[in-house]
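A.B. asks: Show me how the following folds:
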Amino acid sequence: MSPASDTAEESALAAVAEVLSCPVCGRGLDFGGRVLRCELGHSFDIARQGYVSLLAGAATKLTGDTAEMLEARAAFQGTGFFEPIAAAVAEAAMAVRDATAPPPGTEVIADIGAGTGYYLAHVLDALPTARGIALDIAKPAGRRCARAHSRAAALVADAWRGLPMQDHTLTAALSVFAPRNPAAVARCLAPGGRYFVVTPTVRHLAELIGPIGMVTVDPDKERRLADGMAGLFTRVDSRAVEYSMTLTRADIAHLVAMGPSAHHTAATGAQLPEPFEVTASVTVSTYTAIPAAAGTGSHRDA
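C.D. replies: The predicted model follows:
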């Protein structure tokens, strides 16, 4: 994957500025002088670390992942154990690109709840002319995403308050192990755009639930996903990705620390044998927006 330089961070933001909207008034944003500014004068400075915060209004109650959680996630992702999942997402994106043949340079892909930017970087590597937007509510994530890929622009924003993007401007969106706001994504997707969603199955990391108290996957997760998408999206493809991982205790400690289990258990897996076999099991779903639904909402998606 291609790391971003300071210049590339600004270049990535400049490349997607035409897609972005002001979180205050919904008007378009122009890039210039390390600032994004709308015609009414609302301005948003690019942080020294390369991301821009488009949080506006009263302070959000959501905080997102901590710096420690993101550090653990980056360490685990760096081992390559989730590479098959990232590859499956990239392959789904390539399949859509091959089927629709968009003109080079017109693709804009947003990763909603991007975390470290790991999955978006894989997709951008697979689509060499696409532009990327990595959006997360956590500033530590914004800092990491700014350097995840030379074509990934990093935004700090609250997806539950609405996506700071203009209507029908995204060719694709990703939600990988992240909360979803389907109405907001439907509004932002261009006609023919795709929404790639990765969700764990009940077998995902199941071997760690008993020994160290990892958070379980809701057995109704598939039904809840379908309910959330109903009336907004139609699933057009689904792929199961399941395989075994041979983990060290350090790998397991990173797994615990990188996700919601970090809030529920202090266990690190130190008592487990080494190596330890753990199952990775997810579903990679591809959705297309129902045309009538894609025209609803506003820049705040309230």
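
A.B. asks: Spell out the residue ranges of the helices in the stretch 151-300 of the chain.
C.D. replies: Remark: helices assigned in the stretch 151-300 of the chain by DSSP state H, counting those that start in this stretch are 182-188, 209-212, 221-229, 249-258, 291-294.

A.B. asks: Mean neighbour count, those helices: which tops it?
C.D. replies: Across those, the average number of neighbours (mean count of other Cβ atoms under 10 Å) peaks for helix 182-188, which reaches a mean of 26. Where C-beta positions appear, they are placed from N, C-alpha and C, glycine not excepted.

A.B. asks: I'd like the average pLDDT over stretch 71-90.
C.D. replies: Mean per-residue pLDDT for stretch 71-90: 98.

A.B. asks: Flag every buried residue along that stretch.
C.D. replies: 71-77, 81-82, 85-86, 88-90 (16 or more other Cβ atoms under 10 Å).

A.B. asks: State the pair within these that is farthest apart.
C.D. replies: E71 and A88 (25.1 Å; Cβ to Cβ).

A.B. asks: related to what we said a few turns ago, identify, from the buried residues of stretch 71-90, the entry nearest to I252.
C.D. replies: Nearest to I252 out of the buried residues of stretch 71-90 is F76 (Cβ to Cβ; 9.4 Å).

A.B. asks: The closest one reaches A253, doesn't it?
C.D. replies: No - the pair F76 / A253 is not scored as a contact, 9.3 Å apart, by Cβ atoms under 8 Å.

A.B. asks: Any idea how many residues pack against the closest residue to P291 other than its chain neighbours?
C.D. replies: Once flanking residues are discounted, P291 sits nearest to P191: 7.4 Å by Cβ to Cβ, 6 or more residues apart in numbering. The tally of other residues near P191 (other Cβ atoms under 10 Å) stands at 10.

A.B. asks: and P191, what pLDDT?
C.D. replies: P191 is assigned 92 on the pLDDT scale.

A.B. asks: can you check the one 5 residues further on too?
C.D. replies: Reading off the per-residue confidence, F196 sits at a pLDDT of 98.

A.B. asks: please begin residue numbering at 32 from this point
C.D. replies: Will do, 32 is the new start, and the previous item becomes F227.

A.B. asks: measure the residue lying closest to A320 once chain neighbours are set aside to L166 for me?
C.D. replies: Residue nearest to A320 in three dimensions, not counting chain neighbours: A217, with 4.5 Å by Cβ to Cβ, 6+ apart. Distance of A217 to L166, computed by Cβ to Cβ, to the nearest Å: 16 Å.

A.B. asks: Likewise for I116?
C.D. replies: Using Cβ to Cβ, I116 is found at 20 Å from L166.

A.B. asks: same question, S74
C.D. replies: For S74, the distance to L166 - Cβ to Cβ - is 19 Å.

A.B. asks: cool, P304 as well?
C.D. replies: Taking Cβ to Cβ, one finds P304 at 40 Å from L166.

A.B. asks: The two: who's more crowded?
C.D. replies: Looking at P304 and L166 with other Cβ under 10 Å, you find the greater number of neighbours at L166, namely 28 against 8.
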